[in-house]
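J.: attaching a predicted model along with its sequence, questions to come.
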Amino acid sequence: MSRGRRYDKKPKLNIKKVIAVIALILVVIMFVIIIRDLFNKDKDKGNIKVTSYFTLYTNGKWGVIDSNGNIIINPIYDDMITIPDNKTDVFICAYDVNYEDGTYKTKVLNSKNKEILQGYDLVEAIDNYDENHNIWYEKDILKTKKDGKYGLINNSGKELLACNYDEITQIIGIKNSYIIKQGDKIGLADNTGKIIINPVYKEIKALGDDYKNGYITVNIDNKYGIIDFTGKVILDNKYDDITNVVGDKKYVVKEDGKYKVISSAEAVILDSGFDDVKSIDGENIIIKKGNSYGVINTSKEEKIKASYEDLKYMYSDYYIAKKSGKYGVININNEEKIPFEYIGIYYNEDAELIQAEKAEQVDTYIYNTNLELKLTGIISEINSEKGYFRIRIDNDYKYYNFKFEEKDSKDVLTTNTLFLSKKNGKYGYVDKNGNVVVEYIYDDAGEQNTYGFAAVGKDGKWGCIDKNGNIVQEIKYSLPNNYKIDFIGKWHICEDLNAYYYTDVE
């Protein structure tokens, strides 16, 4: 039976349509591959897998390993390799070092051991540290030197600031703030290379502990002023001194031989009743008279008599105070809220908890923001990002959220494949369902770290297991001086956490 003239002939292949369909399929496949690679998930963890890098020291030489413990840069360098950002494969290697005159050369390698960021005489990371001497490197910004002049680039090699400056240095303790020097004058740049302050000043200092507070400038006549982080002049350079105290757009300046607290409009807020100002906290100001501290408000009322050996604002209307060599907590009405029986009291703003310590005890006393004593133990970790802290109580580790609600380790360590467990005085590991993966055979042990490794100890020595519970480093390291026991593969972290490298040296 005929189907009609339309079907009488053998159908022809439409080449254009076929090509279009094939092209569409290829595009879809490529898109799937890109998405798969972009979100290359570790099946055990369920998180995006990002490689990290760490400096390695072994056999007296320096190299680089990744977060799986694999050697990325062979340990052949005499000087420590600098990794400014451990999520980025930018490794700065020093060579031809002359220790007598302090000269050296640098080259920058990536994870393929290929030299990058070329064309400069020197490329250096910019290191910085806070008041507790915790060291960090400024991220995605490097200092360069060419023909005797300095500039700035990012980790990809993009020029942020041309090599036109005699010197570039960081302001200690302050992020995003780089002093630029031309001749005998200095200015300021940020981490995008933007010139915030032109190099016309004799000195530039931080105001407070954050670049957003602005900067104190000193001109050639030794007069002080203030410029904010956008470059706007807040106070003209006409003062004899400006102290490193700021709060609620209030500043402490010296004029005609006398210190006073003024506003950004230069209105005098407080000019008597004190010898010095320690902090400005809203309407209340911690002042110093002689060797004692107290509080005066902006209405010049004495709120807390200057009778304490030290005084530090905490939050709300609470202060950490010191008298007779011991610390306690008082409120703005000078009422004792935590007794004066501690050698130190510290407020963790992120976790909203108060840590107090006694000389005769190892344990820390933990208070909540209602000033209630909640726990006593040794805090081993405070994770502000995930909102929990880990504390050792009676030789057992426990987890709490910042509301002081006890949590199971599986509730807070959501990326872990193994969880530390204790039974009959010994440590082992279970999976998320409570099944024993590693038998209870260890005298001591740590939780699995970010990279899937866990430190295990027996008879005073340490080794390491991987995310599946397999031994990757046999137990052999004593590590008596290590504040923290941590492994990546067979490599353990060094004694000095500020140096932050991994090694096989005991």
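T.: Received it, and whenever you're ready, just let me know what you need.
J.: how about the residue nearest in space to the middle of the chain, nearest residue that isn't a chain neighbour?
T.: Centroid-nearest residue in the chain: residue 136, 6.8 Å away (criterion: C-alpha atoms, centre = their mean). Nearest non-adjacent residue to residue 136, counting by C-beta to C-beta, 6 or more residues apart in numbering: residue 128, 5.7 Å away. Bear in mind the C-beta positions are built from the backbone N, C-alpha and C, glycine included.
J.: in this structure that neighbour contacts residue 177, no?
T.: No - applying C-beta atoms under 8 Å as the test, residue 128 and residue 177 come out as separate, 9.3 Å apart.
J.: which neighbours do the two have in common?
T.: Counting by C-beta atoms under 8 Å, 6 or more residues apart in numbering, the common neighbours of residue 128 and residue 177 are residue 170.
J.: of the two, who's got more company?
T.: residue 177 (24 against 17; other C-beta atoms under 10 Å).
J.: domain assignment for the chain?
T.: 277-336, 343-414, 417-506 (automatic domain parsing).
J.: how far is the last one from where the chain is centred?
T.: Domain 417-506 has its average C-alpha position 24 Å from the chain's average C-alpha position, going by C-alpha atoms, centre = their mean, to the nearest Å.
J.: now do it, average pLDDT.
T.: Averaging pLDDT along domain 417-506 gives 96.
J.: hmm, back to that, can you say which of the domains of the chain is nearest to residue 229?
T.: domain 277-336 (18.4 Å; C-beta to C-beta).
J.: between the two ends of that closest one, how far is it?
T.: 23 Å (C-alpha to C-alpha, to the nearest Å).
J.: pLDDT of it, averaged?
T.: According to the model, domain 277-336 has a mean pLDDT of 97.
J.: any idea of the pLDDT on the residue nearest to the centre of the chain?
T.: Looking at residue 136, the pLDDT reads 91.
J.: who are the packing partners of the helix or strand where it lies?
T.: Assigned by DSSP states H and E, residue 136 falls within strand 135-146. If you count contacts as 3 or more C-beta pairs under 8 Å, 6 or more residues apart in numbering; DSSP states H and E, strand 135-146 packs onto strand 122-129, strand 149-153, strand 159-165.
J.: for it, list the C-alpha coordinates in PDB.
T.: C-alpha atoms of strand 135-146 as PDB (Å, rounded to 0.1, in the frame of the first residue of the first chain):
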ATOM      1  CA  ILE A 135      52.000  36.000  61.400                       C
ATOM      2  CA  TRP A 136      50.000  36.200  58.200                       C
ATOM      3  CA  TYR A 137      50.700  37.000  54.500                       C
ATOM      4  CA  GLU A 138      48.700  39.600  52.700                       C
ATOM      5  CA  LYS A 139      46.500  37.700  50.200                       C
ATOM      6  CA  ASP A 140      46.700  38.200  46.500                       C
ATOM      7  CA  ILE A 141      49.300  40.900  46.600                       C
ATOM      8  CA  LEU A 142      53.100  40.700  46.100                       C
ATOM      9  CA  LYS A 143      55.900  43.200  46.300                       C
ATOM     10  CA  THR A 144      58.100  43.500  43.200                       C
ATOM     11  CA  LYS A 145      61.500  45.100  42.600                       C
ATOM     12  CA  LYS A 146      62.900  46.200  39.300                       C
END
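J.: pairing partners for that strand, with directions?
T.: strand 122-129 (antiparallel), strand 149-153 (antiparallel) (DSSP bridges).
J.: nearest to residue 337, of those strands?
T.: From these, taking C-beta to C-beta, the stretch that ends up closest is strand 122-129, at 33.5 Å.
J.: hmm, who's touching the strand holding residue 136?
T.: By C-beta under 8 Å, 6+ apart, strand 135-146 touches 82-85, 88, 90, 92, 117, 119-130, 150-155, 160, 163, 168, 170, 175-176, 191, 498, 500.
J.: buried set for that strand?
T.: 137-138, 140-145 (16 or more other C-beta atoms under 10 Å).
J.: run the angle between that strand and strand 159-165 for me.
T.: 60 degrees (axes from the mean of the first three to the mean of the last three C-alpha atoms, to 10 degrees).
J.: rebuild the domains of the chain as CSV, extending it with mean neighbour count and distance to residue 197.
T.: Output for the domains of the chain, formatted as CSV (neighbours: other C-beta atoms under 10 Å; distance: least, C-beta to C-beta, whole Å):
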stretch, mean neighbour count, distance to residue 197
domain 277-336, 17, 24
domain 343-414, 15, 30
domain 417-506, 17, 31
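J.: so which of those domains gets nearest residue 55?
T.: Per C-beta to C-beta, nearest to residue 55 of those: domain 417-506, 3.9 Å.
J.: need the distance between the two termini of that closest one.
T.: The first-to-last residue distance of domain 417-506 comes to 29 Å (C-alpha to C-alpha).
J.: same check on stretch 65-78?
T.: Start-to-end, stretch 65-78 (C-alpha to C-alpha) is 16 Å.
J.: contacts for that stretch next, please.
T.: 51-54, 56-59, 61-64, 81, 89, 91, 93-95, 97, 109, 111, 113, 450-451, 453, 472, 488-491, 502.
J.: kindly report the same for stretch 359-377.
T.: 315-316, 318, 329, 337-338, 342-343, 352-358, 378-379, 391-394, 398, 400, 404.
J.: mind listing what's buried in stretch 233-241?
T.: Buried, per 16+ other C-beta under 10 Å, within stretch 233-241: 234-235, 237, 239.
J.: check contacts around residue 91.
T.: Counting by C-beta under 8 Å, 6+ apart, residue 91 has contacts 53, 64, 72-73, 81-83, 108-110.
J.: show me what it is bridged to.
T.: The partner residues for residue 91, given DSSP bridges, come to residue 109.
J.: now do it against residue 341, distance only.
T.: 50 Å (C-beta to C-beta, to the nearest Å).
J.: just residue 290 next, same as before
T.: Taken as C-beta to C-beta, the span from residue 290 to residue 341 is 26 Å.
J.: and what of residue 448?
T.: Distance from residue 448 to residue 341, by C-beta to C-beta: 38 Å.
J.: OK, contacts around the closest residue in space to residue 452 that isn't next to it in sequence?
T.: Leaving out its chain neighbours, the residue that sits closest to residue 452 by C-beta to C-beta, 6+ apart is residue 467, at 3.5 Å. Counting by C-beta under 8 Å, 6+ apart, residue 467 touches 44, 417-418, 448, 452-453.
J.: could you dump these to CSV with secondary structure and distance to residue 306?
T.: Formatted as CSV, the contacts of residue 467 follow (DSSP: H, G, I helix; E, B strand; the rest coil; distance: C-beta to C-beta, whole Å):
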residue, secondary structure, distance to residue 306
44, coil, 59
417, coil, 57
418, coil, 55
448, coil, 52
452, coil, 55
453, coil, 53
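J.: what ranges does the chain have for its helices?
T.: 5-8, 15-38, 409-412 (DSSP state H).
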